[in-house]
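# from the sequence below, what's the structure:
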Amino acid sequence: MPSPKTEPARARPGRSTFDPRGLPRLAARLNIRLVLAITIVTMVALLTSGIAIQQILPGYLAEQAQEQIQTAAASTGLSLREAVTRFGSNPAGENTAEVRELRDSRIVPNVAAEAARVFNATVVMINDLGAEVVRASPPDTAALEARGLQRDGAVGQSGVSVPIQLPSGQVVTYQVIVSDLHTTREETLEQIRSALIAAGVLALGAALLTGIVAARSLTVPIARLRRVSARVAQGQLDERAAPSGVLEIDELGQQFNVMADRLSGTLRMLEADRDRLREFVADVSHELRTPIAALRLYTELLRDDNVDETIKREFLDRSLEQIQRLEWLSTNLLDLSRIDAGIFPLDMREGDLRDPIQAVVQALSEVAVERGVTLDSVVPQAPVAMRFDRERIVQLMTNLIGNALKFTPRGGAASVRLEEAEEAVTIEVSDTGHGIPADELPRIFDRFYRGTNTGEARASGSGLGLAIVRSIVDMHGGAIDLASEVGSGTRFRITLPRAGSSAVEAPPANVNETSHGGHVARNPGTIG
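Prediction:
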């Protein structure tokens, strides 16, 4: 079905309008914002981590170096004590100059040199007389630097006193001082800085790539939705947003589709109402033109003084018929307009549905006699209790039975049958008339539609009766169906729900059958 074309909405002063052409700029800005947001968040996280590392790590490494130099001094003191103790002594002359010189020249330098080599620091030994015995440094400074070890000036020096008890019972005290410690602290900090910079560059690249991918995952569906909205704005109301795989965009697309469905339905309904209104106005104009032209002709003829009195009376009778036709047409038009406007309230009351049906049958019995048509009605013996609007049911039955009599030739028959069930009541009006062609059945309830047959019966109607019948059935919450075959007659079947009805006390049975010329009324029971 082609999409209806609609004119673009014009902007009203003081009101914002939706412009689908602005969505590409919106998508581009969203791309940039998402990329910048992800990049900024990543860089802030890296900067925060770098600042935290720079604030914490140098102090931590300095504390480790300080602990290392203290450990080196203590360990060197223990080595010195063990070496001096193993060297032995002269119990009689432990503190003689010869013994001290021998000890200081043979034991202490070896311990200091070993400590300097192991701890990569300068080791100074001071004997109990306060004289510096030896100062040992790392053997190969260039090799240390090649290994990344550098003199750590931030550490300073650490010293310990080493009391040594000799076999003679004397105690001599040496001072062990460790300084110029070589550590990898600076190299470690430099490696960490380089790693942070490299991680920052990689994170920045990853953030840019992630931002672009994330932005496109949102902006591509938005661009599709923009194109769909642009086509809808141009009048292609059958366009709908397809799923994108992004939950939020899909929810937006679903809401857009709901809006488009409602808009499409509303516009189609307005267009259909517009077409019906045009057709209605044209039909009303056509229907009014015929009686008005006839009245004008009769009036002009009546103004002629040479017209015979008999002819004048005939013209007056025909004028009266046209006036009655205008009155009938205006009444039906008023009823339909009230129904369409929703100001045609029903007077729903509990009652016996046989009453209005039999009243109409009795009222139209004389018409049946004049036309030579047998009119037959069959209703249940017991009251058919339900809620309904009596006047509207009378109008409904008058239209249906009147049509049956009008379209049934002389010698034919029309019948009305009322059947009840637990949940619904069925009214059936059938005749043995000419029938309705199959191609006309879909339009038989349209306003002013009177079929293609142009016989006297169809020409005399307004084409509004069946439209009113359907409206009355709808207002009662019922349904109506039609079956017809050319040459075999027509059957209307109405089903009315019995919701909310209550039982009506049945009067004593009084079976009777009456006949009025061509009309036969069978009533198993009395008419309420």
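
# looking at the chain, which helix or strand is least sure?
strand 512-516 (a mean of 36; mean pLDDT, DSSP states H and E).

# which helix is the longest one in the chain?
Using DSSP state H, we find that the single longest helix of the chain is helix 23-87.

# that helix packs against which elements?
Packing partners of helix 23-87 (3 or more Cβ pairs under 8 Å, 6 or more residues apart in numbering; DSSP states H and E): helix 97-106, helix 108-119, strand 158-165, strand 171-179, strand 182-183, helix 185-233. Where C-beta positions appear, they are placed from N, C-alpha and C, glycine not excepted.

# so which of the ones you listed is nearest Ser79?
Nearest to Ser79 among the helices and strands packed on helix 23-87 is helix 108-119; the distance by Cβ to Cβ comes to 5.1 Å.

# tell me which residues in the closest one are buried?
Across helix 108-119, burial judged by 16 or more other Cβ atoms under 10 Å covers 108-109, 111-113, 115-116, 119.

# for those, which one is nearest Pro243?
Set against Pro243, the nearest of the buried residues of helix 108-119 by Cβ to Cβ is Phe119 (70.0 Å).

# nearest spatial neighbour of the closest one, skipping sequence neighbours?
Ala72 (3.9 Å; Cβ to Cβ, 6 or more residues apart in numbering).

# so the one you found touches His182, yeah?
No: in this structure, Ala72 is not within contact of His182 by Cβ atoms under 8 Å, at 10.9 Å.

# any residues in contact with both of those two?
Ala121 (Cβ atoms under 8 Å, 6 or more residues apart in numbering).

# list the helices and strands the helix or strand hosting Ile357 packs on?
Assigned by DSSP states H and E, Ile357 belongs to helix 354-363. The contact analysis (3+ Cβ pairs under 8 Å, 6+ apart) places helix 354-363 against strand 374-378, helix 390-406, strand 413-420, strand 519-523.

# what is the orientation angle of the second one with strand 374-378?
Spelled out, it's helix 390-406. Using axes from the mean of the first three to the mean of the last three Cα atoms, to 10 degrees, the inter-axis angle of helix 390-406 relative to strand 374-378 is 140 degrees.

# about what we covered before: quick check: mean pLDDT of the longest helix of the chain?
The average of the pLDDT scores along helix 23-87 is 74.

# and this structure, what are its domains?
The chain is divided into the following domains under automatic domain parsing: 69-184, 270-336, 345-523.

# tabulate those domains (JSON lines), appending distance to Ala198.
Formatted as JSON lines, the domains of the chain follow (distance: least, Cβ to Cβ, whole Å):
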{"stretch": "domain 69-184", "distance to Ala198": "19"}
{"stretch": "domain 270-336", "distance to Ala198": "66"}
{"stretch": "domain 345-523", "distance to Ala198": "78"}
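
# wait, which of these is closest to Arg193?
Closest to Arg193 of those, according to Cβ to Cβ: domain 69-184, at 14.1 Å.

# got the end-to-end distance for the closest one?
End-to-end distance for domain 69-184, by Cα to Cα, to the nearest Å: 13 Å.

# what of stretch 348-367?
First-to-last distance for stretch 348-367 - Cα to Cα - comes to 30 Å.

# what comes up buried for that stretch?
By neighbour count on 16+ other Cβ under 10 Å, the buried set for stretch 348-367 is 351-362, 364-365, 367.

# pLDDT weak spots in the stretch 301-450 of the chain?
305, 307, 332, 336, 339-344, 448, 450 (pLDDT under 70).

# helix or strand: which one has the closest residue to Ala479 other than its chain neighbours?
Distances taken as Cβ to Cβ, 6+ apart put Thr495 closest to Ala479, at 5.0 Å, once the chain neighbours are dropped. Element membership for Thr495 (DSSP H and E) is strand 489-497.

# can you list the strands that that strand pairs with?
strand 424-431 (antiparallel), strand 479-485 (antiparallel) (DSSP bridges).

# just want the angle from the first one to strand 413-420.
Strand 424-431 runs at 170 degrees relative to strand 413-420, counting by the same axes, to 10 degrees.

# quick revisit: so which of the strands paired with strand 489-497 gets nearest Ile177?
strand 479-485 (113.2 Å).

# please identify the buried residues of the closest one?
Those would be 480, 484, for strand 479-485 by 16+ other Cβ under 10 Å.

# gap between that strand and the chain center?
On the basis of Cα atoms, centre = their mean, to the nearest Å, strand 479-485 is displaced by 41 Å from the centre of the chain it belongs to.

# other residues contacting that strand?
Identification of contacts with strand 479-485 by Cβ under 8 Å, 6+ apart yields 435-436, 441, 444, 469-470, 473, 490-495.

# please redo it, this time with the cut-off set to 10 Å
396, 400, 424, 427, 430-431, 433-438, 440-442, 444-445, 466, 469-470, 472-474, 489-497 (Cβ atoms under 10 Å, 6 or more residues apart in numbering).

# ok, of those, which come out buried?
Neighbour counting with 16+ other Cβ under 10 Å marks 396, 400, 424, 427, 430-431, 433-436, 440, 444-445, 466, 469-470, 472-473, 489-496 as buried within the contacts of strand 479-485.

# Thr183 is in contact with Asp152, correct?
Yes: using Cβ atoms under 10 Å, Asp152 is in contact with Thr183, at 4.5 Å.

# what's the overlap in contacts for the two?
Joint contacts of Asp152 and Thr183 (Cβ under 10 Å, 6+ apart) are 61-62, 65, 68-69, 120-121.

# top of the residues you listed by number of neighbours, please.
With neighbours taken as other Cβ atoms under 10 Å, the top of these is Ala121, carrying 28 neighbours.

# okay, now the residue nearest to Ala363 when sequence neighbours are not counted: neighbour count?
Spatial nearest neighbour of Ala363, chain neighbours left out: Thr398 (7.6 Å); criterion: Cβ to Cβ, 6+ apart. When neighbours are defined as other Cβ under 10 Å, Thr398 has 18 of them.

# OK, contacts around Thr398?
Contacts for Thr398 (Cβ under 10 Å, 6+ apart) come out as 356, 359-360, 363-364, 465, 468-469.

# make it 8 Å
Contacts of Thr398 (Cβ under 8 Å, 6+ apart): 360, 363-364.

# now swap in Val155 and tell me
For Val155, the contacting residues are 62, 65-66, 69, 181, 183, by Cβ under 8 Å, 6+ apart.

# so what are the sheet partners of the helix or strand hosting Met386 and their directions?
Assigned by DSSP H and E, Met386 falls within strand 385-388. As defined by DSSP bridges, the strand partners of strand 385-388 come to strand 349-352 (antiparallel).

# just the C-alphas of the partner strand, formatted as PDB.
This file holds the C-alpha atoms of strand 349-352, laid out as PDB (Å, rounded to 0.1, in the frame of the first residue of the first chain):
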ATOM      1  CA  ARG A 349     -33.900  -0.100  29.900                       C
ATOM      2  CA  GLU A 350     -34.900  -3.600  30.900                       C
ATOM      3  CA  GLY A 351     -37.700  -4.900  28.800                       C
ATOM      4  CA  ASP A 352     -39.100  -7.500  26.500                       C
END
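
# next one: it to chain centre, how far?
Chain-centre distance of strand 349-352: 47 Å, with Cα atoms, centre = their mean.

# check stretch 386-398 too.
That offset, for stretch 386-398, works out to 45 Å (Cα atoms, centre = their mean).

# rewinding a little: how about the contacts of Val155 in TSV, adding distance to Leu326?
As requested, the contacts of Val155 are exported to TSV (distance: Cβ to Cβ, whole Å):
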residue	distance to Leu326
Ala62	113
Ala65	117
Gln66	118
Ile69	123
Leu181	122
Thr183	117
